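Student: Please find the sequence and the predicted model below.
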Amino acid sequence: MSTITEAFNPDAATLAARRTPERAATSEWSRRDGRMLDAAGRDAIHAAFTANPCLQSWPVHAIDSLCDAGQLRTWTNGELIFARDEPCDEIQVVLSGAIEMSWSNSAGVRAVAVYMWPNEVINFIPVLDRRGSMHDQRAHGSTTLFHIPGAALFDLFAREPALLRNVLDLICVRSRALHGRMGRAALAGFRARMADQLLALAEWHGRPTQRGVELTIRLSQEDLAALLAASRQSVNKELRWLVRNGIVDVRYSRLTVLDMKALRELSEAA
């Protein structure tokens, strides 16, 4: 029988298999800071914008203008990028690693809203409303971002105002997704919430294997608990139940969803 481990950590071969061509290219430059972008870096930034359905119509010259204005920076695991309510006057393109968007209280309790993975463009809201970051933003693993000043974005909108509508569409899509998750969390039991979260992780960050869908991301039980606003003990208990019932398997620090249909039925239960 599998043992529930403290982290779901894919090995190097799994990570290599998961990379898209754009992500694979970032490995050559993700350790460099500075304004000088090589072709791989510029291609990855273009890929991140056009990967999003709301931004995929942006013309090459518009994205090039943002590339010219921005700067690469690599952050270490756990490093604070922006604190909640701190001024945040730039958008970022996630090129490698991930950004944890979270809140914490004076007792040190942490709740994670979402992880933003490569090919995401983030922080449009604080740039547009100038009211500061909505979350504590931390690097999850070694993380390379391309930082674009808000002034460059406003200059682009002044020249091509139609592009602002695309950003508003993106904000609306993300807002609806967030409120959908909030509604499910408010009405569902913990097992359904756990199943829903695992489904989302499998659908966005899963790799099909002969046994099932293997998660390719590094998330500890504490991370999963923070996503669910629950204790690690509660997460561990539910993972054990899912393992006993043949729905997931956890071994050698890897979580595999064995039965997507059963997990989906759990997520839809009251």
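Tutor: Cool, got the structure.
Student: quick check: longest helix of this structure.
Tutor: Counting by DSSP state H, the longest helix found in the chain is helix 162-187.
Student: what about that helix, average pLDDT?
Tutor: The average pLDDT within helix 162-187 is 90.
Student: Please state the offset of the helix or strand that it is followed by from the chain centre?
Tutor: Following helix 162-187 in sequence order, the next helix or strand is helix 190-205 (DSSP states H and E). Distance, stretch centre to chain centre, for helix 190-205: 14 Å (C-alpha atoms, centre = their mean, to the nearest Å).
Student: what's the answer for stretch 181-191, then?
Tutor: Counting by C-alpha atoms, centre = their mean, stretch 181-191 comes out at 20 Å from the chain centroid.
Student: So what touches it?
Tutor: In this structure, residues lying in contact with stretch 181-191 by C-beta atoms under 8 Å, 6 or more residues apart in numbering are 192-193, 196, 228-230, 234, 238, 241, 266-267, 269-270. Any C-beta I mention is one placed from the backbone N, CA and C, and that applies to glycine too.
Student: first to last residue in stretch 144-163, what's the distance?
Tutor: End-to-end distance for stretch 144-163, by C-alpha to C-alpha, to the nearest Å: 26 Å.
Student: Of all the residues in it, which ones are buried?
Tutor: Buried residues in stretch 144-163, counted by 16 or more other C-beta atoms under 10 Å: T144, L145, F146, H147, I148, P149, G150, A152, L153, L156, F157, L163.
Student: what's the answer for stretch 240-256, then?
Tutor: Here stretch 240-256 shows R240, L242, V243, I247, V248, D249, V250, R254, L255, T256 as buried, counting by 16+ other C-beta under 10 Å.
Student: picking up where we left off before, buried set for the longest helix of the chain?
Tutor: Quick answer for helix 162-187 (16+ other C-beta under 10 Å): L163, N166, V167, L170, R174, R181.
Student: can you check stretch 215-224 too?
Tutor: For stretch 215-224, the neighbour count (16+ other C-beta under 10 Å) marks L215, T216, I217, R218, L219, S220, Q221, D223, L224 as buried.
Student: Return the distance of it from the chain's centre.
Tutor: 12 Å.
Student: Could you export it as PDB, CA atoms only?
Tutor: The C-alpha trace of stretch 215-224 is given here as PDB (Å, rounded to 0.1, in the frame of the first residue of the first chain):
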ATOM      1  CA  LEU A 215       0.800  15.600 -11.000                       C
ATOM      2  CA  THR A 216       4.000  17.300 -12.100                       C
ATOM      3  CA  ILE A 217       4.100  20.100  -9.600                       C
ATOM      4  CA  ARG A 218       5.800  20.500  -6.200                       C
ATOM      5  CA  LEU A 219       3.200  20.900  -3.500                       C
ATOM      6  CA  SER A 220       3.600  19.800   0.100                       C
ATOM      7  CA  GLN A 221       0.700  18.800   2.300                       C
ATOM      8  CA  GLU A 222       1.000  22.200   4.000                       C
ATOM      9  CA  ASP A 223       0.600  23.800   0.500                       C
ATOM     10  CA  LEU A 224      -2.500  21.800  -0.300                       C
END
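Student: Report the two of the buried residues of stretch 215-224 separated the most.
Tutor: Spatial extent of these (C-beta to C-beta) is set by the pair T216 and Q221 at 17.3 Å.
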